[in-house]
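[1] 3D model of this:
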Amino acid sequence: MRRKTIFITGGAGFIGSHLCELIIQDGNRIICVDNLITGSKNNIATLLKNPLFDFIIWDICKPIKIKGKIDYVLHLASPASPVDYLNYPIQTLKVGALGTLNCLGLARVKKAKFLLASTSEVYGDPLLHPQKETYWGNVNPIGPRGVYDEAKRFAEAITMAYHRYHKLDTKIARIFNTYGPKMRINDGRVVPNFIIQALTNKPLTVYGNGNQTRSFCYISDLVDGIHRLMTSSVNEPVNLGNPNEFKVMQLAKIVIRLTNSKSKIRFLQLPEDDPKKRKPDISRAKSLLKWYPKVKLESGLKTTIAWFKDNL
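    Alright, predicted model coming up:
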């Protein structure tokens, strides 16, 4: 069987680096591109020694030329946490628009399959629960979160335009909350926030009353879903996330217990446009990809906590 070449943007990021590790196990060649705004070479340190792994520091908002055959273009590059896309609002919009356009252009030239890493944030603060792929969303385009939400919504729109107009084989993964080793200590999302606060016995910051819900998917389950989607014949968007729903307060109490922390809970004002509920309907992933997350929350948190302990 011929070795495949996979071009991955954001490959030095949290999800991207785990995906690189999974794909290279099959003997495939990877061209990893990252500008390291939120990614880190530490995430791909072991991969850099592999002759099948090529790393290019590059801003994918600029056109890129690659010699040779490419079989898949996977576009994962983007700031992904509220802290990041509030710090880098213009870069977030540009990578969703220009970055996606450049990746689609590369896929078209190379006659490669294309996968967009989209997000549950395209649903905004949802009025439908759980969220199905057929739901159009409830997004504030001019709110502080709009730079990320609308960047991904545009990315989905241009991906489908290339699919319909240029007949490009495209896939769209709508990724829900994901956690695991290699998340940045200052990532700003709820799981690393709680773990770092608990390990240092600082108050766990809960926004609002803590009754807002999230679904937490462990990283190994998520990249397995992306890989299945990438190699499938599915072209419509697919939700990838864990359908088990937890209140943020529940998560805080679990993290405190698992870390044996002396931390208390501190309540802060709920940020503007923060989603009240988040739970994927994964019927499409189950039926078309035969995918379902396997890792239970406490099991995944134990592994993640151990990683954070070693990297504090």
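[2] what helix or strand does Val206 sit in?
    Using DSSP states H and E, Val206 sits in strand 204-207.
[3] If you average the pLDDT over the following helix or strand past that strand, what comes out?
    Proceeding N to C from strand 204-207, the next assigned helix or strand is strand 213-215, under DSSP H and E. The average pLDDT for strand 213-215 rounds to 91.
[4] next one: stretch 40-58
    97.
[5] Buried ones in that stretch, by neighbour count?
    The neighbour-count criterion (16 or more other CB atoms under 10 Å) identifies Asn43, Ile44, Leu47, Phe53, Asp54, Phe55 as the buried residues of stretch 40-58. C-beta coordinates here come from the backbone N, C-alpha and C atoms, glycine included.
[6] Quick one: residues in contact with the helix or strand encompassing the last one.
    So that's Phe55. Assigned by DSSP H and E, Phe55 belongs to strand 53-57. The contact list for strand 53-57 (CB atoms under 8 Å, 6 or more residues apart in numbering) reads 11-12, 20, 24, 29-36, 41, 44, 47-48, 64.
[7] Run me through the strand neighbours of that strand, direction for each.
    Looking at strand 53-57 with DSSP bridges, its partner strands are strand 29-34 (parallel).
[8] what two of the buried residues of stretch 40-58 are the furthest from one another?
    The span of the buried residues of stretch 40-58, defined through CB to CB, is set by Asn43 and Asp54 at 15.6 Å.
[9] Of the contacts of strand 53-57, keep whichever come out buried.
    11-12, 20, 24, 29-35, 44, 47, 64.
[10] sorry, back to before: please write out the alpha-carbon positions of the strand holding Val206 in PDB.
    This file holds the C-alpha atoms of strand 204-207, laid out as PDB (Å, rounded to 0.1, in the frame of the first residue of the first chain):
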ATOM      1  CA  LEU A 204     -11.500  27.400  41.300                       C
ATOM      2  CA  THR A 205     -13.100  30.200  39.200                       C
ATOM      3  CA  VAL A 206     -16.600  29.400  38.200                       C
ATOM      4  CA  TYR A 207     -18.400  31.800  35.900                       C
END
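[11] Done for today, thanks.
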